[in-house]
Structures are given as structure tokens and as C-alpha cells.
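Colleague: Got a predicted model here, sequence first, then my questions.
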Amino acid sequence: MVVEKTQKKSNEPVNSSTALTTTAVGSFGRPDYLTKARSAFAKGEIDRAALDKLEKQATEYWIRTQEKVGLDVLVHGEMERGDMVAYFSGEKGGLPIKGMKLGGLVRSYGNRYYHKPIIHDRLEWPGPMTVDMWKYAQGLTDRPVKGMLTGAYTMVEWSFNEHYPTRRDAVMDMAKVIRREVEELVATGAKYIQIDEPAIHTRPEADFDDAIEAMRVTVEGIDAEFHTHICYGEVEEIWTPMMRLPVKQIHLAFKNTDFAYLDLVREQGYDESKDVGVGVTDAHTRFIETVDEVKDGLRRVLELFPPERVWVLPDCGLKTRTVEESEAKLKVMVDAVRDIKLELEIE
Amino acid sequence: MQTTVVGNYPKIPNRPRPARLRNAINKRDRGDLANEELAAIEDEVTGEVIEEQIAAGVDVVTDGQVRWDDDQTYVARRMAGVEIGGLQRYLDTNTYYRQPEITGAIKFKEPVLAAAWQFAQERSSRPVKAIVPGPYTLAALSADKHYGGREKLALALAEALRGEVDALITAGCKHVQVNDPVIVFNKGDYGTFHKAITKLLDGLSGAETGVYTWFGDCAGILPQMQELPCDVIGLDFAAGPGNWEALESATFEKKLGAGIVDARNTRLETAAEVAESVKRLSDAIAAERLYVNPSCGLEYLPREAAFEKLKVMAEGARRAEGVTA
């Protein structure tokens, strides 16, 4: 892989509709009324239908907000999900994968705890888990809405395994379950499917090949564009092997590392058949970046990638931000892209 | 043969039992609870987790490291030259620690572990083992902005941690354990580890000292570890099955802390499985030189699962000894 080859030749026309596509990573800040409703639902004070109504109200809010801000490819905002693994494993309100359940509280760090899922039996697809919400969100807008799933490796790595003799056995069965959900989303009309693998660099030497194989099992032969989100951890350890993931786009938290990943692109290259998803706003700080700061980051990226291959997004899901912060982070991003497109005379 | 634990114990139970410590910390963070009130809750929870370990049948307990935010910062944050930075993933887990940043010369100020040990021992009918963070692991997981070399930093940390160990022994602590797992991932750096542990523990008397590892095996370094100035070596047989062969192919002269119950998975071993593992160990190690313990700290498990694991472990160990429960 030679970096020069990825640069745009100046005489090639740029297709404005595919240059610097803007999107989001998945989750957004939850409005207060929904946070309260989720807690009331957990205590049995309101029923599923009442919660469902409010989840859809908040989802519509986020679809409209993304349209208003001007994103190209939307996400539904994950108003119905608490945690990206637990939602598929028994979290209240979700349909759990057969063979999974939520376990007791385990400490994540400091005073943060979560219910760690348990794989207690053979994993099987339980029926559509995400299709209704995707259909609802897509029905609200003409812009494409991504289908959002958690990858097999991360699902298993972030769960206890009481059933399968090896992690690999569990990952491969999980891949079949996730694939079944992908098929259902695509049959319903989803064109973009995002499969998040934030745990993929946990044990690169021992089982990275298994993670790649699981992704292949999940997506192979299915007619949709696949993206994956990988965040934090030691991405530099897996840079080259990561390029073997059978997806069209890998998106990464560039902003959080001050675009240090660009050095990896220079040193180790980047698969020419893939697009790059560039996180330009830090999802884990309340501070809102300036438009100039985002533009500066984008210019650095465009030294190495042609605009057609660059997708622009926040570093990560925005669920730890407030509604207002989430929206502000999207807005500086879209404003910066608009300016850069003007500079590059893409319009 | 004795049963013990490797360090931490889950801080909060599950419903219907109340998550008192979690709630108290939240209150303190909101400004609704004074630090002294939080300390009183930590005291109570420490007493609780000691009782649970004893009820499960553990012979040598710890204070559960209830007061520790994580293994890296509880002691280090009190040293000169250390600041506390951002969250980092802890090895191959889905848990996080705040990264110590070494911004100046490391210096021991005053001991924090001795008073906590004394408190715990007063509330325990069994011996309480004190846990000291390992200097090599601390050096490897910190961001060094001052020393410019792992060895220099590890030795400076060892010297500062020695102040903690000396204070523990002066307070009457008879079991001091250094948790230094990262060496299993960096065996090529064994020389630094050996020097740091030597600086930390050499020439001590009056307490049994141990060095524990986890998440991997000590194949290739186990013979050199026999030369460490400590009495007990802790090995993780769950995540490091290579330890079986390493142990069986080497002469093992120290006491062994055998991590044979998997503290990272809720799948519950049976007492028979535990007994079988213990019997296999007894070919290499005489029973009086054997501690049976979980593979690492218990905080990767929910509280109730941790308790069940300890019960099964203690029952399996007794069975292996031929003593009925």
C-alpha cells in the first residue's frame, strides 16, 4: 500500500454527492423525559407501549435535528438502547439473543458499574431485534438511515461465556446471529449497515483472525455497504491487520488522538478499496470544537485521502453528551465540511 | 494448604441488597456527603467483605481493596512526582484505570496501607493480607514524563513502595503481597522486574511476602523467579494454562499461590474440579507450601458470583486434603 496512490489527482472531477459525506456514529444524548421514562419503566411504573411512544418521539427529534443540521447519512440515535451489548442480551426493552442474559453488576472503573451479559446457552437469533426501530426512523426521512449492530467479537468479549468451550466457538455462533439480523435489515431496505467492534483490539495476537473471520461470516455476500466503528484501545497495534476487515469503511476516533492516526496512514498505508471515517469532534468532552479546529483536522486528512473516500463524523457515539452538546458537535462538523467543500470547489 | 484471595473483592452487591458504597460515592461527588461520612461507609463495607470471605471459607483474607479506585492509583497518587491522568483500558479487560503520570522525582510521603491493614485486621478473625501494587506493573502502566526509562522508574517506585511495606511490617502485618502482573506480558524485560522486586522486598523479616502475577503464564521466567526475595509466587492457571507445564518442568522451592478458580468468568467450577486441580498441583508442591486462590482479583465478577466461587474453591481445597466440609 503506497500512500501517494490514495491522493486525489488534481484533474479528476470530484463527485459532490460522495465527497466528505457527513454522518454520526450511533447514539445521541437522551432527552430528560426519556431518561425519566426509562427509569419509570424499569420500576414497572409505565408500560412498554408508553415507553415506546417516547422513544419514537425522541427518535423523531434526532432525525429532524440531523436533517436540520444537514447530515447526509443519518443514524436513528439509539434512544431505545442503554448499552451496545446489553441491549441484545436482556436489557429491559430489547429482545435478547437466545442464549444470553444479563448478569450482576460489575465495575467498569471508578464508581461506574454495568450489568455484564452472560452467554449461558447456544446462541440463536431470536427474531428481529432492531428492524422495527430502523423502519420507523427510515420512514421519517428521505435520507438513508444506517442499520446499527454490535459485532460478534465485541458481543462475546464483553460478556461472560458459560456455555462455549472456547471464545472462538462463541464468536463464530454469534456471527451467525448478527448476520441473520443484517439480512433482516437489508431485506427491509437498509443500504448502510454499521457493525461496531470497539473490543476488536483486546487481544490482537491471540484472536484477531477470529474477529476478521466473524466479520466475514456476518457480511459476506450481502448486498449492502458495511461500515465498522473501532474506538480507543491500541489501534496502532492492529492497523495493518485491521485493513483485512471485509467492510467498505472503518471509522476511528481521530480527534481524540489529535489525528495521530494519520501518521499510521503515512507509515503503514490504508486499504485503497476502503473509505475512511474520520472522527473530527471528541465525543467524550463537553467542550465544543470550533469550526476552524474541525476544518484544520479535515485539511490534514485531505493531504492523504481524496474527498470521495472521506466520511466525516464525531469520534464516537454521543450518548454521554447532553442533547444540546450532541447537536452542537454535529453542527460544527457540518459547518466545517461546508466550508472545506467551498474551498475545494466541490458543490 | 490454605485458601486465600488475590486482592480485590466486588464493592457492591446486587439487588435486593443495597449498593451502599456506590450510592455514597455518588452523594459525595454531588457534594451531599462529607469525605468522613464516605470513609465510614468504606469502613463498614470493608468489614462486610471480610465477613463474606471468611463465611466462604477463606483462610487468609484481604480488605477487598474497597477503598481503591484501581490498582494503579490508590498508593501512587500519594507519592510526590505523580499526577493522575485519563482513563486507560486495563490490559485485556473491559475495565479502566486512571493513568499515573510521572512528572517529577518519585518520593514516598507517608504510608496509606498500614492504617487500612490495621483497621481490617481488627475486624477479622483470620489473618489479613496486605496488597501492595507492584513496581514493575506501576512503571509499565504509567506515563513516564520524567525518568526516561522503565528501569529507572520501576526502581524509584520500588524505593517509594518500600516505605509502605516497612510501615505494614512495623504495624504487625504478617502477609504482604505484591501484585505485579504485567511481567507476564513483558518477559523480555524480566531483569528490570527482578531488580525492582528485589529493591522492594530484599532483607525484610517478620512477614511472609509474596509476588503475584495474572492473565498469563510465567513459562521461561519461573526459574529466575525462584531467586526473588519473596516467599510466595502467585500464578494464574486459568488465563495462563502454560503455568502447568512451567511448574511441572521447573524446581519450585517457594510457596505457590495457585490461581485455579477463574475469576474472570461466571461459569462456576465444581468442588470436584477444584479438588482435581489441587491434587495435580500436589505432585509438584507439598501441601504445606500451597495456597489455593482465584486466578486474579474478584472484581471482574458480580459480588454473588465471587462469593460462590470462593465457596466452591474452599470446599474443593478441603476435599483435596481429605477433610470433609
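Modeller: Now that the structure is in, tell me what you want to look at. Numbering: from 1, shown residues only, chains lettered A, B, ... in the order given.
Colleague: What residue in chain B comes nearest to chain A?
Modeller: Of all residues in chain B, residue B:302 sits closest to chain A, at 2.6 Å by CB to the nearest CB. (Each C-beta comes from the backbone N, C-alpha and C, glycine too.)
Colleague: Could you pull up the contacting residues of that residue?
Modeller: A:103-106, A:116, B:10, B:14, B:266 (CB atoms under 8 Å, 6 or more residues apart in numbering or on different chains).
Colleague: switch to 7 Å and redo it
Modeller: Residues near residue B:302 by CB atoms under 7 Å, 6 or more residues apart in numbering or on different chains: A:103-106, B:10, B:14.
Colleague: Go ahead and list the helix or strand containing residue B:211.
Modeller: strand B:208-212 (DSSP states H and E).
Colleague: That strand pairs with which strands, parallel or anti?
Modeller: If you go by DSSP bridges, strand B:208-212 pairs up with strand B:175-179 (parallel), strand B:232-236 (parallel).
Colleague: Output those strands in JSON lines; the columns should cover mean pLDDT, distance to residue A:18 and mean neighbour count.
Modeller: Formatted as JSON lines, the strands paired with strand B:208-212 follow (pLDDT from 0 to 100; distance: least, CB to CB, whole Å; neighbours: other CB atoms under 10 Å in any protein chain shown):
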{"stretch": "strand B:175-179", "mean pLDDT": "98", "distance to residue A:18": "53", "mean neighbour count": "25"}
{"stretch": "strand B:232-236", "mean pLDDT": "98", "distance to residue A:18": "51", "mean neighbour count": "26"}
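Colleague: Show me the strands in the chain, by range?
Modeller: Answering for chain A, as no chain was given. Remark: strands assigned in chain A by DSSP state E are A:21-22, A:98-109, A:112-124, A:147-150, A:160-161, A:192-196, A:225-230, A:249-252, A:275-281, A:310-314.
Colleague: try again with chain B
Modeller: Going by DSSP E, chain B shows strands at B:2-3, B:80-89, B:96-107, B:130-133, B:143-144, B:175-179, B:208-212, B:232-236, B:255-261, B:290-294.
Colleague: Tell me which of these lies nearest to residue B:29.
Modeller: strand B:96-107 (14.8 Å; CB to CB).
Colleague: buried residues in that closest one?
Modeller: B:96-102, B:106 (16 or more other CB atoms under 10 Å in any protein chain shown).
Colleague: Equivalent analysis for stretch A:248-255, please.
Modeller: A:248-255.
Colleague: for stretch B:184-200, same thing?
Modeller: B:184, B:186, B:189-190, B:192-200.
Colleague: what's next to it, contact-wise?
Modeller: By CB under 7 Å, 6+ apart, stretch B:184-200 touches B:135-136, B:140, B:150-151, B:154-155, B:158-159, B:161-162, B:165, B:178, B:180, B:183, B:211, B:213, B:215-218, B:220-221, B:224, B:228-230, B:240.
Colleague: make it 8 Å
Modeller: Contacts for stretch B:184-200 (CB under 8 Å, 6+ apart): B:91, B:132, B:134-136, B:139-140, B:150-151, B:154-155, B:157-159, B:161-162, B:165, B:178, B:180, B:183, B:211, B:213-218, B:220-221, B:224, B:227-230, B:236, B:240.
Colleague: which among those residues end up buried?
Modeller: So, by 16+ other CB under 10 Å, the buried ones in these are B:91, B:132, B:134-136, B:139-140, B:150-151, B:154-155, B:157-159, B:161-162, B:165, B:178, B:180, B:183, B:211, B:213-218, B:221, B:228, B:230, B:236, B:240.
Colleague: residues from chain A in reach of chain B?
Modeller: A:103-111, A:113, A:116, A:118, A:157-158, A:160-162, A:199, A:202-203, A:232-233 (CB under 8 Å from any CB of the partner chain).
Colleague: Can you turn the buried part of these into a PyMOL selection?
Modeller: Here is the PyMOL command that picks out the buried ones among the residues of chain A next to chain B, judged by 16+ other CB under 10 Å:
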select buried, chain A and resi 103+104+105+106+107+109+111+113+116+118+157+158+160+161+162+199+202+203+232+233
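Colleague: Please tell me how far the residue nearest to residue A:91 when sequence neighbours are not counted sits from residue B:95.
Modeller: Closest residue to residue A:91 apart from its sequence neighbours, by CB to CB, 6 or more residues apart in numbering or on different chains: residue A:82 at 5.1 Å. Using CB to CB, to the nearest Å, we find residue A:82 at a distance of 18 Å from residue B:95.
Colleague: ok, residue A:168 touching residue A:207?
Modeller: Yes. At 6.6 Å, residue A:168 counts as touching residue A:207 under the criterion of CB atoms under 8 Å.
Colleague: which residues are in contact with both of those two?
Modeller: By CB under 8 Å, 6+ apart, no residue touches both residue A:168 and residue A:207.
Colleague: List the contacts of the closest residue to chain B within chain A.
Modeller: Per CB to the nearest CB, the residue of chain A with the smallest distance to chain B is residue A:104, at 2.6 Å. By CB under 8 Å, 6+ apart, the residues touching residue A:104 are A:115-116, B:14, B:301-305.
Colleague: How about the contacts made by residue A:170?
Modeller: Per CB under 8 Å, 6+ apart, neighbours of residue A:170: A:119, A:123, A:156, A:161, A:163-164.
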